[in-house]
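Participant: Build the 3D model from these lines:
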Amino acid sequence: MTSITWSDLPIELWLHIFRLSTTSPETQKLHATTYRPFDTVIVGLKDVQASRTKAALVRVCRRWREWAERLLYEDLSISSPKEVPPVLLSNACGTARESDGGLYSSRSSHCGQWVRRIVLPYSFSIPTISCTVSTHDILQQCQSLEVLVCIEPCPHSGLPVPCPPLPSLKRFDGLHIHTPWPTEGVNMLGDMLLAAPNLQYLSIGESVVKLKNGSVLKDGPAFPRPANPSVLRPVSLRPVGLPMLTTLRLLPVLNDFLMRQLGKWSLPALRHLVIDGLKDPYLLTDLWETFGAQIRIIELGSSLRYFIYDILNFVLCRFPKVKELNYYIFFTGIPKYYGTYDALVTVGLHCAQWDDLLMPESTETWEHLQGHFASLSGPIFLGLKRIVLYASS
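Facilitator: As a prediction, the model looks like this:
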């Protein structure tokens, strides 16, 4: 009987093992380009578990590095210049580079083509020995990029940074950054969208960068409207049209200025709407007036605001052709429906629970459940055929 060592196994088997070992519960959600019920995660989340496994694999031996290196570059998270893989800097400058033995020590000039998802600040520049590398230069190398996340504003130099064409991009998660200066290119959400004509999935919210004591502060998404109206900037100076977009996810921080602009976009293929949370349901006015008749699936996020508003009745009244409604039952108040909703066929209920609101097994919890099912079993949903229950993975 001959013994078989690991080196005798076919490469295809090793590649399959590497792929399975570097896939976490978050991997599929972070890379999703089509809608699946309750498949959202925090925008910009790092796939920590998968990244650690990839880093371990490429450090085992030279052969394993050759096999697993492609996986290492598939998902990059860059929040500062020092996190850019050196090979991408070298490629952008057109200079050769010796291996330093580090994690990203590839000699290959094709690493950019391996990138499928990348998290970047909107704009940054990196001085090197031979040139200065910007966000534009990094994106230009990622010819097969499918998912782009831009949620962090950077200190702005006042100079526009052009956005390269992104024909392979299928998903974009980004914030519209309100700044006190005119901007364009990779600093403007609309220009990024116009560079990606094949986009299928868009997550959109907003953030504000404002001046205080003469300095630029990064305030994040905590300011839905700046105090100075002159800070409000349009998403794009040109009409936004995304013919392939099927899924729109609205992040929690939005205001009427952004929503009015969104209502003017051309989104002929839009069918799925995910609403993480709204401070005011009437922010959806421009959205339902423009796209209300074409939306078929709506998902409500796990927001406690939905426990206050009669959000279910509000949504169904304004999107009359919705066939599927998905929501977190313990984060949503018992609705009071008016009229009939013949188009609704499927309701998805997720059981994720916030214990401080409704204690498990309590009388209030059971009454809450009974209230929801009683409303669904009434005569107002003549076309309802399925109630699908979901649990946390």
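Participant: and residue 283, that one's in a helix?
Facilitator: Yes. The assignment for residue 283, made by DSSP: H, G, I helix; E, B strand; the rest coil, places it in a helix.
Participant: so how far is residue 197 from it?
Facilitator: As for residue 283, its distance to residue 197 is 27 Å (criterion: CB to CB, to the nearest Å). C-beta coordinates here come from the backbone N, C-alpha and C atoms, glycine included.
Participant: what do you get for residue 288?
Facilitator: 26 Å.
Participant: the more surrounded of the two?
Facilitator: Of the pair residue 288 and residue 197, residue 288 is the one with more neighbours under other CB atoms under 10 Å, namely 19 against 15.
Participant: and the host helix or strand of the more buried one, average pLDDT?
Facilitator: Residue 288 is located in helix 285-291, with elements delineated by DSSP states H and E. On average, the pLDDT along helix 285-291 is 91.
Participant: Need the contact partners of the helix or strand following that helix.
Facilitator: Sequence order places strand 297-300 as the next helix or strand after helix 285-291, per DSSP H and E. Contact partners of strand 297-300, identified using CB atoms under 8 Å, 6 or more residues apart in numbering, comprise 35, 37-38, 40, 271-275, 306, 311-312, 315, 319, 322-328, 331-332, 348.
Participant: so of these, which ones are in strands?
Facilitator: Judged by DSSP state E, strands contain the following of these: 272-275, 324-328, 348.
Participant: Wait, residue 138 touches residue 120, no?
Facilitator: Yes. Residue 138 lies in contact with residue 120 (CB atoms under 8 Å); the separation is 6.8 Å.
Participant: With neighbour numbers in mind, choose between the two.
Facilitator: residue 138 (26 against 23).
Participant: Mind checking what secondary structure that one has?
Facilitator: Assignment for residue 138 (three-state DSSP): helix.
Participant: roughly how far apart are it and residue 146?
Facilitator: 15 Å.
Participant: re the thing from before, just the buried positions in the helix holding residue 288, please.
Facilitator: By neighbour count, with 16 or more other CB atoms under 10 Å as the criterion, the buried positions of helix 285-291 are 285-288, 290-291.
Participant: CA-only coordinates of it in CSV, if you can.
Facilitator: Output of helix 285-291 as CSV, limited to C-alpha atoms (Å, rounded to 0.1, in the frame of the first residue of the first chain):
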residue,chain,number,x,y,z
THR,A,285,-42.3,60.6,-0.8
ASP,A,286,-40.2,61.3,-3.9
LEU,A,287,-39.2,57.6,-4.1
TRP,A,288,-42.7,56.2,-4.1
GLU,A,289,-44.0,58.8,-6.5
THR,A,290,-41.3,57.8,-9.0
PHE,A,291,-40.8,54.1,-8.4
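Participant: Enumerate the beta-bridge partners assigned to the spatially most central residue of the chain.
Facilitator: Centroid-nearest residue in the chain, with CA atoms, centre = their mean: residue 173, separated by 3.7 Å. Beta bridges link residue 173 to residue 149, residue 203 when assigned by DSSP bridges.
Participant: and it, what does it touch?
Facilitator: Contacts of residue 173 (CB under 8 Å, 6+ apart): 43-44, 147-151, 202-203, 249.
Participant: Same check on residue 62?
Facilitator: Residue 62 touches nothing, counting by CB under 8 Å, 6+ apart.
Participant: Repeat that for residue 306.
Facilitator: So residue 306 contacts 277, 300, 327-328, 331-333 (CB under 8 Å, 6+ apart).
Participant: Check which residues of stretch 14-30 are buried.
Facilitator: 14, 18, 22-24, 26-27, 29-30.
Participant: And the furthest pair within those residues?
Facilitator: Maximum pairwise distance in the buried residues of stretch 14-30, criterion CB to CB, is 26.1 Å, between 14 and 29.
Participant: just to revisit the earlier point, mind picking the one among the contacts of residue 173 that's closest to residue 243?
Facilitator: Closest to residue 243 out of the contacts of residue 173 is residue 202 (12.7 Å), distances taken as CB to CB.
Participant: you'd agree the closest one is up against residue 246?
Facilitator: No. At 9.5 Å, residue 202 does not count as touching residue 246 under the criterion of CB under 8 Å.
Participant: between the two, which one's more packed in?
Facilitator: More neighbours surround residue 202 than the other of residue 202 and residue 246, with 23 against 19 (other CB under 10 Å).
Participant: List the contacts of that one.
Facilitator: By CB under 8 Å, 6+ apart, the neighbours of residue 202 are 171-173, 193, 242, 245, 247-249.
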